[in-house]
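J.: Fold the stuff below for me.
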Amino acid sequence: MRSAVQVIDLVERVLALRTYECRLNGIELETRFAPGLPEIIGDGGQLQQALLNLVLNAEQAMRGQPVRRLVVAATHDPASATLHLSVADSGHGIEAANASRIFDPFFTTRDVGQGTGLGLSICYGIVRDHGGEIHVDSTVGEGTTFRIVLPVAEHLPASPILVAHSDDGDRSYLAAMLTGWGYDIVSATTAGEALAAAESPLFALLVDTRLLAADPEGWTALRRRRPHVPLVSVCAAGAVPPDPGGCDGHIVAPYPLSAVYTAVRNVTREYV
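T.: Below you'll find the model as predicted:
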């Protein structure tokens, strides 16, 4: 069940579970919270699990290190309506060759018997399910920082946004992202479903270029009937977007939060 979540409460609950073990292992804990952090909309239990996985991963990485410091920080970026949560350790770091694989299920750099390699992949799945991003920066011998970026709910109009995409994963991710900002969502998987849904009251349309190309005449006719409803095309990486009746904006995979937010706000600003 999703509801408003205070990130400071979330962090404090997770660290309360690990304070004793950290003290035993000589790990210095530090928190850094920017003032006035907004709430996020999510499943508190799942988000707590994601953060706990990152903290446990950091503890493992600092075993045997002369300096053991764990810093959990949170900031807010109003320009992209996102909350940034980071977990930084002074551990052994991640080899560059492994950095692109750490979120793969069952991938681990630990010795046999020290972990299944599922912790980071579960964390990745939870963050994506909340419409967020997770990044890693690491220097071998110095430490690693994981950064989670999540959408922050805003006061938005009652009319929903149509998210029409032929790929289940991309459609779910875009919908989760927009839901995190506070939009109501109507989803569609085919051009026919999308065109039918677009006849109802909507705030904006986000449509996969393959669905636009599947019925260009239908989209052009819709644009003529409803020119006041902004249309944003959703493109695969490297794709050239079609232009049925003139799109108002474009979003390109892998759909960075900041780019999606900017595109949606740019085309809908005059209607807010």
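J.: gap between T179 and Q65?
T.: T179 is 40 Å from Q65, where distance means CB to CB, to the nearest Å. The C-beta positions use only the backbone N, C-alpha and C, and glycine is treated the same way.
J.: hey, where'd the helices end up in the stretch 51-200 of the chain?
T.: Listed in chain order, the helices of the stretch 51-200 of the chain (DSSP state H, counting those that start in this stretch) span 96-99, 119-129, 168-181, 191-197.
J.: Out of those helices, which gets nearest to S3?
T.: Set against S3 and scored by CB to CB, the helices of the stretch 51-200 of the chain come closest in helix 168-181, at 12.6 Å.
J.: Mind giving me the packing neighbours of the closest one?
T.: Judged by 3 or more CB pairs under 8 Å, 6 or more residues apart in numbering; DSSP states H and E, helix 168-181 is in contact with strand 40-42, helix 119-129, strand 143-151, strand 161-164, strand 185-188, strand 204-208, helix 257-268.
J.: partners of the first one, with directions?
T.: The reference is to strand 40-42. Strand 40-42 pairs in its sheet with strand 3-5 (antiparallel), by DSSP bridges.
J.: So which bits of the helix or strand following the strand it pairs with are buried?
T.: Using DSSP states H and E, the helix or strand that follows strand 3-5 towards the C-terminus is helix 7-24. Neighbour-count burial for helix 7-24 flags 7, 10-11, 14-15, 18, 22 (criterion: 16 or more other CB atoms under 10 Å).
J.: Show me how far the helix or strand of the chain with the lowest mean pLDDT is from its chain's centre.
T.: Using mean pLDDT, DSSP states H and E, the weakest-scoring helix or strand in the chain turns out to be helix 96-99, at a mean of 78. Centroid separation for helix 96-99 versus its chain: 22 Å, with CA atoms, centre = their mean, to the nearest Å.
J.: tell me which residues in that helix are buried?
T.: By 16+ other CB under 10 Å, helix 96-99 has no buried positions at all.
J.: Burial check on A176, number of neighbours?
T.: Using other CB atoms under 10 Å, A176 is surrounded by 19 other residues.
J.: can I get the helices of the stretch 51-200 of the chain in TSV with distance to E28?
T.: Below are these laid out as TSV (distance: least, CB to CB, whole Å):
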stretch	distance to E28
helix 96-99	25
helix 119-129	22
helix 168-181	33
helix 191-197	53
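J.: Which of those helices sits closest to D89?
T.: Among the helices of the stretch 51-200 of the chain, the nearest to D89 by CB to CB is helix 119-129 (13.4 Å).
J.: so what does the closest one touch, helix or strand wise?
T.: Other helices and strands packing on helix 119-129, by 3+ CB pairs under 8 Å, 6+ apart, are helix 44-61, strand 133-139, helix 168-181.
J.: quick one, which of the ones you listed is nearest to V207?
T.: helix 168-181 (10.6 Å).
J.: Could you measure from G91 over to R69?
T.: G91 is 10 Å from R69, by CB to CB.
J.: low pLDDT regions in the stretch 1-150 of the chain?
T.: Counting by pLDDT under 70, the ranges of the stretch 1-150 of the chain that qualify are 106-118.
J.: if you set the cut-off to 80 instead, what comes out?
T.: Judged by pLDDT under 80, the stretch 1-150 of the chain has its weakly predicted residues at 1, 97, 99-101, 104-118.
J.: One more: the stretch 151-272 of the chain?
T.: Checking the stretch 151-272 of the chain against pLDDT under 80 turns up 155-158, 238-246, 268-272.
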